[in-house]
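Next come a sequence and a model predicted from it.
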Amino acid sequence: MTQLHPDIFVNNRPDTDGDEEEDYFDYFYDEPGSEPGTLIIEPDAKPSRIILIDYDEDNAIRKVDITPNACAPYIGTNTVSWMDIQGLGSETVLKQVGEIFNLHPLLLEDVVNVPQRPKLEDYNNQLLVISQMVRLKEDESGFDTEQVSFVLGKRYLLSFQEEELQDCFEIVRDRIRTSQGRVRKSGADYLTYLLLDTIIDGYFPVVEHYEDRIEALEDMIISNPDRDTMQEIYDVRRELLALRRLIWPMRNVLHLLMRDHHGIVSDEVQIYFRDSYDHVIQILEIIEAYRELAASLMDVYMSTMGNKLNEIMKFLTVISTIFIPLTFIVGVYGMNFENMPELKGEWSYFIVWLIMLAVAGGLIFYFWRKGWFKPIYSLKEEAKS
Amino acid sequence: MTQLHPDIFVNNRPDTDGDEEEDYFDYFYDEPGSEPGTLIIEPDAKPSRIILIDYDEDNAIRKVDITPNACAPYIGTNTVSWMDIQGLGSETVLKQVGEIFNLHPLLLEDVVNVPQRPKLEDYNNQLLVISQMVRLKEDESGFDTEQVSFVLGKRYLLSFQEEELQDCFEIVRDRIRTSQGRVRKSGADYLTYLLLDTIIDGYFPVVEHYEDRIEALEDMIISNPDRDTMQEIYDVRRELLALRRLIWPMRNVLHLLMRDHHGIVSDEVQIYFRDSYDHVIQILEIIEAYRELAASLMDVYMSTMGNKLNEIMKFLTVISTIFIPLTFIVGVYGMNFENMPELKGEWSYFIVWLIMLAVAGGLIFYFWRKGWFKPIYSLKEEAKS
Amino acid sequence: MTQLHPDIFVNNRPDTDGDEEEDYFDYFYDEPGSEPGTLIIEPDAKPSRIILIDYDEDNAIRKVDITPNACAPYIGTNTVSWMDIQGLGSETVLKQVGEIFNLHPLLLEDVVNVPQRPKLEDYNNQLLVISQMVRLKEDESGFDTEQVSFVLGKRYLLSFQEEELQDCFEIVRDRIRTSQGRVRKSGADYLTYLLLDTIIDGYFPVVEHYEDRIEALEDMIISNPDRDTMQEIYDVRRELLALRRLIWPMRNVLHLLMRDHHGIVSDEVQIYFRDSYDHVIQILEIIEAYRELAASLMDVYMSTMGNKLNEIMKFLTVISTIFIPLTFIVGVYGMNFENMPELKGEWSYFIVWLIMLAVAGGLIFYFWRKGWFKPIYSLKEEAKS
Amino acid sequence: MTQLHPDIFVNNRPDTDGDEEEDYFDYFYDEPGSEPGTLIIEPDAKPSRIILIDYDEDNAIRKVDITPNACAPYIGTNTVSWMDIQGLGSETVLKQVGEIFNLHPLLLEDVVNVPQRPKLEDYNNQLLVISQMVRLKEDESGFDTEQVSFVLGKRYLLSFQEEELQDCFEIVRDRIRTSQGRVRKSGADYLTYLLLDTIIDGYFPVVEHYEDRIEALEDMIISNPDRDTMQEIYDVRRELLALRRLIWPMRNVLHLLMRDHHGIVSDEVQIYFRDSYDHVIQILEIIEAYRELAASLMDVYMSTMGNKLNEIMKFLTVISTIFIPLTFIVGVYGMNFENMPELKGEWSYFIVWLIMLAVAGGLIFYFWRKGWFKPIYSLKEEAKS
Amino acid sequence: MTQLHPDIFVNNRPDTDGDEEEDYFDYFYDEPGSEPGTLIIEPDAKPSRIILIDYDEDNAIRKVDITPNACAPYIGTNTVSWMDIQGLGSETVLKQVGEIFNLHPLLLEDVVNVPQRPKLEDYNNQLLVISQMVRLKEDESGFDTEQVSFVLGKRYLLSFQEEELQDCFEIVRDRIRTSQGRVRKSGADYLTYLLLDTIIDGYFPVVEHYEDRIEALEDMIISNPDRDTMQEIYDVRRELLALRRLIWPMRNVLHLLMRDHHGIVSDEVQIYFRDSYDHVIQILEIIEAYRELAASLMDVYMSTMGNKLNEIMKFLTVISTIFIPLTFIVGVYGMNFENMPELKGEWSYFIVWLIMLAVAGGLIFYFWRKGWFKPIYSLKEEAKS
């Protein structure tokens, strides 16, 4: 299950293979007994690439693919420095960043060893914010997650992304470049808000996707439930559970950002975090509502199946009940007794036919009175549509 | 899924088409990455229209279809000014209002981007109250919602409604005009209470509507459950879930209004908000009770279906058990063996009939003793009624 | 749904007709938009009648059918004055009471507009206590409720009952008259305790009634479950839910009476309220336990039905499996082939009978080995008992 | 339901008759309207008997069947006095005790009117502790309860038991006599701890008993579920619910004893109560786990029954499907048409047999491929074992 | 149930025999009435063995199989002393340890009487930490637990393990020996963190094991559910419940270690405990998610079984419905009436065949239209795979 490497510090998470879409419930964990605070680079992590943006109200500089040491001069000035590290695979780069910003070993470990639970931690004059970004898969069969971590200091912000692809922060960079909105006039705290807000807003399309799937399920259960329906309900429940687990801790993160005065987040920006907090609560409420609906759908599905069984049984019962007496009657006159007066009558055969028609007609009338034909009919109708 | 407009600030909520009644679980959300605090006018929003009422104990002025700038002179005087904005579609009007009252951009965004979760937010000397009004649909198949937002200042109140139709505030306006009750003697806080109380009282007829539907379901399940019954239970559960989601946050809103001393709500009016708080608790308790009843009804429905299956199977078993042995007997005497002594007896045929009648009678007696006929009978009775 | 009367202040609760026993989940509500704090007399409310008892340790005066104004001289003296208003139908009487005791309009509204949720509210020097009395119906098919409200002042107590019938306070009046116990030595707070304790003790027989019904259900499900059983479980659940809703808020009422020092309830009497609080907790615990048992009973019922189905199917299968092969065999020798050697043998017919008996015996032995006959037998036994 | 006696103070709890074992959910309650704080001796209560033990580090005196007044001289000295009252049936004795120790009427009422909910109440310089002792029934079909109450003062302890039989405190008395452990060196608080600890440790064998029953149920459901299984699951759930209700309030009692400084419990002994608190938490956790397991077992039982039904139906379907076509074939050649060429062939009969064997074999092969025979076989195996 | 030994202090936990793997829900408990704080050595406890490691930044001494008295000189020096006691079977050794470190009798009892609930207790200048280590069984059929207790003082740490085998602390000893990481530079608090972190990290592989089992169950339910599937779901639920019970109290332990300032845990090390706290929360969240998934799987299983039943019934109905009318037809022409004109026609027999083929074909077409053949087919396909 766990591979033991020559060195003590092993990463016992298997390379995510084809089943990657199933691992909604993993967290990173160390090999038991490993040294805490050690940097473990995952073998399949992307190489790190840094984009530095340094700005104040008047100027904005953007440097791409810069080394950490080249960033150092920008730190500690009066401008706001945003260092975006994309890819967590270059140990040297990450260690240099750790040294320049004097990051606590546990902080760096949380940033690199993905996935972690979203959280806010206060390391004296630095705030660590771990968040999980979600994105619908291209085939819409679920969602991907990517950990985005922030280290927020007085005049600087570090952000760490797992990959450089699908970079949803470009829009924020554009806004800085074009000095759109109030971003250039505000500090690193407002920038953090902008990026977190982008991440949180990314949950809404995913949540809406589940609304669509639940509506599709409602239709499917009414019109034509099959064995895949249950599987789909189960998948929706499992994915909503996973989604909830990602956004739930964000509530606490934003609550801390919005209330506690660390000296790092200004009063003015706290109002903005209050807005993000509202969004997280909204997402959570919708997820909870969908989870409850999905659970109710299971009941509806079970009852639909029970209804179908009842109708199948009614059908069988109608057929059996009509023909079993008739078969008995014809059996009677198939007996070979020598003395069976009915057999000799000229009209006997036709009288028996009349009796049988009467019996069948009576039974059909009986079932019609009981209302058994209506559902059978509707079943048939359904099959046509 | 989301339409990308030429400008960055897009509204990715599709125009609500025919399925409008299903969207009980939506919240407004921005396109990820959009600038916070930006005013996004929904394409199908109604044009804005302002009704200004300015009153004190002695005088009351009412101006309809006034421009925001024309309202400005009434603000900041000793009279109470109530500006009711109906329709959220005129950007100019809304921006002017924002400037006159110095509204925070996030506040204005929450007012315009409907629907939002009900909440109370304190912007220094202004209280923002978001509430959701509910109204039964005309065909009684569910309910409509409309966001009503209030901005409460020291001597003024702004209210924002989505549409001018179905204006349930007219009654309050009449009361101001005729100086009925204590409204003219009180401040903007009491006016807010009156309007919120009107909105909350509007939940009771909706809740009562669900009581009727649950009672109808109880009757239906007992007398004549069909496949639509389950669907109806599911619908009731879903709508109660949606209703609960609308009123639940109001509890917190009123708790804040009733307890916290913002200097804006006087002690005297807090007693009134305590009364509204009680009503919200009552509504919530009834909704919870109905939700629990609806869940129990599902169990009752399942068991009713199981009962029906049992009775169908009993019916089939009775018919089969009676005729299968008889058919065997007649089969025996249909055999063509040359030496079958019974065949030759003169009374054999009639003796066989007697035997068969005895077998059938015995089996019928056996089933009667087991009590299988009673439920079958009641099923028949049911079909008649 | 709501009738609009010529005047604004309407009571939109329909006259409680024959279905009165179903309305376990109602609360009074105003027509949306009506003036708060207005006295709305229900059309079917009983005329008000006042019993005044004024006592101290040495003397006790009792006046029946007195007018409010005639009571005024007794208020504000050093004696304890208990004014018991029975029936809420006389507007004049109620308004006079309101004036004499200077009651807040909202307080009077809560007292008159029944039913309200139990609560304690502090109006400066008056405590309003709303409670709900329960009483088993005479046919034991559920329970009736009646709102009893108290207004407790320094030396006086107002109590409001919906009807004068079924007055369970007579016992307390006797105790005052005969100076039994410590009531004459204590203040209005102890009197309030006595009355509330009487109301709370009235829940125990109702709760015990549900214990009896649950035990009857347990027996019914084991011995002879039918379609009414499920209905009865549902009714018990619904009524326990309603009962819980009535007593649950009393917990909070008594907690406030027992802890908070309003200056109105003395330390000594707080110990007594602690005792009532214990009783409320006990009632709640039993209700919760019964609710859980009733939910479990539903599972037991479902499984009992499943068992029955299995046994019906076993019965059908046994009968079919025994006779279907036999019917095949007799069918074989009913064929009309010219060359069927068995037909000619003298003993063929009897050999076939032996074969058929062997087949039937073997199958019966097989089912006996499988243990299928035991449950069938017990089913039969059951039918006899 | 309630019997009205000539005097007001009635005990409306019926004498516990044969069904005593069912009353897991009762609490004592007064006749509504009775005087609070009155001593009501239950008719079937055992006569009271007192054992006094008075000890300090050097001496220990033990007096059996002593009168309360004879105990008085021992109280108020520097020694620890433990008065153990066994049986709650002697009003004179209990009243004398109440006078000697100056017990509050409500305190004495709670002690005498069993059963009460476990609780701790602080009457100035006396702590009342109500606890419920449990004991497995001799036939292991459930458990009995007995209320044990303690009144803890500065240098004395009163304990009240319902019966003198099954006195589990003898072991503590021995320890005092032989000066074992630290009991003789400590005060009445440590003695209270010892006795409460004995009572709490008595829950463990009862809890273990339910572990055994749940394990037996697991086995029963897998191997041979029958209709009693469900009943047994229900009984276990009901009894665990009752057990939980008894121990749950003890958590709070011990929390208060362990935290609050009443001056009566020394710091040193609080550490011991912390240990008892841990035990109560452990008992509660196990009960909760068992309750959850019992609920899961219900699901397993339902699915086992569903499995059985599927296998019965498979069996019926296999038998029917094999013989129905064969019966049709033999029916064909039982027809009496004059021109049926097959009838005349010499080998026709044997060819038909071959065809029928082929059809039967094909169907059997088909079912074998579908895997329907395996479960049927295992069903048979099961029946054998 | 409980064996009474000649001495009062008995251990009433039976020797764990073959069923050891089932006892997930036990706690140690004393014989009711036994002296608290007494050391009870379990008969099957392993003999105790001590490993002493004494280190500071410069030196590290390791002594194996040392006696407690030989350890005494190392205590109270400026170095950190870690005394690891493996095996809890030697009373003398444990008593000596208790004397040297002046351990409270209750503390020692909790350490020796395994298993106990995880907890942190503060004995003045010593912290007792009880934790439960888990380890997958070798056959992967569940997990084993072992209690590890820590007593943390100012400069020393005592650890107690149940067995010396499977010692997962060797890795930490190596780290001390080789002076790896910061352990040699830190105090006994950091050492405690390292050991606890090792224990907590040991939960991850166990939790991952359940992820594998749940995924296997998902596959099994879709492809080929049988009666063992339900048993397996139940086992997974039971084991997750047990696992949750072990880790849940650790949350509180770490919360106390991370927040409270006992003077024993330095501020710096509290940050490390915060990290462990995060891990515990992660483990708990995953366990909760798996428990919910396992519960959903039960629903899926039930519905899969219901689907199977429906398909079996459809199959039976199709076969019966096709052949029952045909059998009736052939029965008709097996009758022996003298006047049956059809019998004489030369082509009658063939016409009857045509009619029967038409009937069968019509019925098959009817079922095909209803879509009944598809699922039957897929059932067959499934059987093949």
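Great, that's in hand.

how far does stretch A:25-35 sit from the chain's center?
The chain centroid and the centroid of stretch A:25-35 are separated by 24 Å, computed with CA atoms, centre = their mean, to the nearest Å.

does chain E sit close to that stretch?
Yes. Under the criterion of CB under 8 Å from any CB of the partner chain, chain E is reached by stretch A:25-35 at A:25-27, A:29-35. Glycine gets a C-beta too; all of them are placed from N, C-alpha and C.

That stretch: which residues count as buried?
For stretch A:25-35, the neighbour count (16 or more other CB atoms under 10 Å in any protein chain shown) marks A:25-35 as buried.

want to throw these into JSON lines with pLDDT, distance to residue D:269 and secondary structure?
JSON lines is the format used below for the buried residues of stretch A:25-35 (pLDDT from 0 to 100; distance: CB to CB, whole Å; DSSP: H, G, I helix; E, B strand; the rest coil):
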{"residue": "A:25", "pLDDT": "79", "distance to residue D:269": "47", "secondary structure": "coil"}
{"residue": "A:26", "pLDDT": "77", "distance to residue D:269": "48", "secondary structure": "coil"}
{"residue": "A:27", "pLDDT": "78", "distance to residue D:269": "44", "secondary structure": "coil"}
{"residue": "A:28", "pLDDT": "78", "distance to residue D:269": "47", "secondary structure": "coil"}
{"residue": "A:29", "pLDDT": "77", "distance to residue D:269": "43", "secondary structure": "coil"}
{"residue": "A:30", "pLDDT": "73", "distance to residue D:269": "43", "secondary structure": "coil"}
{"residue": "A:31", "pLDDT": "72", "distance to residue D:269": "46", "secondary structure": "coil"}
{"residue": "A:32", "pLDDT": "69", "distance to residue D:269": "40", "secondary structure": "coil"}
{"residue": "A:33", "pLDDT": "66", "distance to residue D:269": "41", "secondary structure": "coil"}
{"residue": "A:34", "pLDDT": "72", "distance to residue D:269": "44", "secondary structure": "coil"}
{"residue": "A:35", "pLDDT": "73", "distance to residue D:269": "44", "secondary structure": "coil"}
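
Pipe those residues into JSON lines and attach distance to residue D:349 per row.
As requested, the buried residues of stretch A:25-35 are exported to JSON lines (distance: CB to CB, whole Å):
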{"residue": "A:25", "distance to residue D:349": "68"}
{"residue": "A:26", "distance to residue D:349": "70"}
{"residue": "A:27", "distance to residue D:349": "75"}
{"residue": "A:28", "distance to residue D:349": "77"}
{"residue": "A:29", "distance to residue D:349": "76"}
{"residue": "A:30", "distance to residue D:349": "81"}
{"residue": "A:31", "distance to residue D:349": "78"}
{"residue": "A:32", "distance to residue D:349": "78"}
{"residue": "A:33", "distance to residue D:349": "82"}
{"residue": "A:34", "distance to residue D:349": "83"}
{"residue": "A:35", "distance to residue D:349": "88"}
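
Which single residue of chain A approaches chain D most closely?
Per CB to the nearest CB, residue A:334 is where chain A lies closest to chain D, at 6.8 Å.

Surely residue A:280 and residue A:247 touch.
Yes. Shown here, residue A:280 and residue A:247 form a contact pair, counting by CB atoms under 8 Å, at 6.2 Å.

sorry, back to before: any idea how far residue E:86 is from the residue of chain A closest to chain D?
Distance, residue A:334 to residue E:86, using CB to CB, to the nearest Å: 88 Å.

And the two? Which one has more around it.
residue A:334 (25 against 19; other CB atoms under 10 Å in any protein chain shown).

from what I can see the more buried one touches residue C:334, true?
Yes. Between residue A:334 and residue C:334 there is a contact under CB under 8 Å: 6.9 Å.

joint contacts of those two?
Here residue A:334 and residue C:334 have B:331, B:334, D:334, E:334 as joint contacts, going by CB atoms under 8 Å, 6 or more residues apart in numbering or on different chains.

Of those, which is the nearest to residue C:124?
Comparing those against residue C:124 with CB to CB picks out residue B:331 as the nearest, at 95.2 Å.

if we can go back for a sec, keep the shared contacts of residue A:334 and residue C:334, but drop any that are not near chain C.
B:331, B:334, D:334, E:334.

Identify the bridge partners of the closest residue to residue A:191 other than its chain neighbours.
Nearest-residue entry for residue A:191: residue A:157, 5.5 Å, with adjacent residues in sequence omitted and distances by CB to CB, 6 or more residues apart in numbering or on different chains. In this entry, residue A:157 is beta-bridged to residue A:82, residue A:152, by DSSP bridges.

burial count for residue A:157?
Neighbour number of residue A:157 under other CB under 10 Å is 23.

what sits against the most centrally placed residue in chain A?
The centre of chain A sits closest to residue A:239, judged by CA atoms, centre = their mean, with a distance of 3.8 Å. Neighbouring residues of residue A:239 by CB under 8 Å, 6+ apart: A:24, A:142-143, A:210.

most surrounded residue in those residues?
residue A:143 (23 neighbours).

returning to what we had before: pLDDT of the helix or strand the residue nearest to the centre of chain A falls within, averaged?
For residue A:239, the element it lies in under DSSP states H and E is helix A:227-259. Averaging pLDDT along helix A:227-259 gives 91.

So is the following helix or strand past that helix next to chain B?
Of the helices and strands lying after helix A:227-259 in sequence (DSSP H and E), the nearest is helix A:267-332. Yes. Counting by CB under 8 Å from any CB, contacts between helix A:267-332 and chain B involve A:271-272, A:274-275, A:278-279, A:281-282, A:285-286, A:289-290, A:292-293, A:296-297, A:299-300, A:302-304, A:306-307, A:309-310, A:313-314, A:316-317, A:320-321, A:324-325, A:327-328, A:331-332.

what's the answer for stretch A:334-351, then?
Yes. Stretch A:334-351 reaches chain B (CB under 8 Å from any CB) through A:334-340.
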